[in-house]
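[1] following is a predicted model, sequence given first.
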Amino acid sequence: MRFLKAKALGFLALWGVWMILTAPWSGQEALAGAVVAALVTFLPLFPTSPLGDLHLNPKALAFMAAFIFVFFKALVLSNLDVAFRVLHPRLPIDPGIVKVQTGLKTPLGRLLLTNSITLTPGTITVEMKGPDIYVHWINVQDSDPVAATKAIVGDFEKYLEVICG
């Protein structure tokens, strides 16, 4: 019963977000939102689903919302950083590939982490081997894996751990 309650809450939360983002509403948009929310909520029930690692409980949904804000903050700050480096030639550009390590165990969690790194200007995920992710960084501040992990991955990983495990 608790499982169904969590799934129902997940569905309602996702459908609610859809409805907020598509206002003013029409019947077609409400139906499309219900279908998408149902797919995202119930598709992870199947063992071969790529979304099988996604947690849809209230805590994970809250962390998803927080992750979106953290990601957009990193996106804006890194865009400004890259723009300043382009416009001000005196700012250092010290490109290199650094190794960062992740504690994320699920394929979906690692996928979301590497895509978040790549979508943030100034960093591109080059390769992933086990817990190690190799990232091209526009301005290597520290090549030590622990320091690089904290600088590049630190903000994203704690949210993705709750969302995907």
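    Looks like it came in fine.

[2] longest helix anywhere in the chain?
    helix 58-87 (DSSP state H).

[3] tell me the helix or strand right after that one.
    Next along the chain after helix 58-87, taking DSSP states H and E as the criterion, comes strand 96-101.

[4] report the central residue of this protein.
    Central residue of the chain (C-alpha atoms, centre = their mean): Leu112, 4.6 Å from the mean position.

[5] how about the longest helix of the chain: buried residues?
    In terms of neighbour count (16 or more other C-beta atoms under 10 Å), helix 58-87 has its buried residues at Ala60, Leu61, Phe63, Met64, Phe67, Val70, Phe71, Ala74, Ser78, Asp81, Val82, Arg85. (C-beta placed from N, C-alpha, C; glycine too.)

[6] now those residues as TSV including distance to Pro131?
    Formatted as TSV, those follow (distance: C-beta to C-beta, whole Å):
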residue	distance to Pro131
Ala60	22
Leu61	27
Phe63	21
Met64	23
Phe67	20
Val70	21
Phe71	21
Ala74	21
Ser78	24
Asp81	27
Val82	28
Arg85	30
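
[7] which residues touch the lowest-mean-pLDDT helix or strand in the chain?
    When the helices and strands of the chain are compared on mean pLDDT, DSSP states H and E, helix 145-152 comes out lowest with a mean of 77. Applying C-beta atoms under 8 Å, 6 or more residues apart in numbering, the external contacts of helix 145-152 come out as 98-102, 117, 123, 132, 135, 137, 140-142.

[8] that one vs strand 96-101, what angle?
    100 degrees (axes from the mean of the first three to the mean of the last three C-alpha atoms, to 10 degrees).
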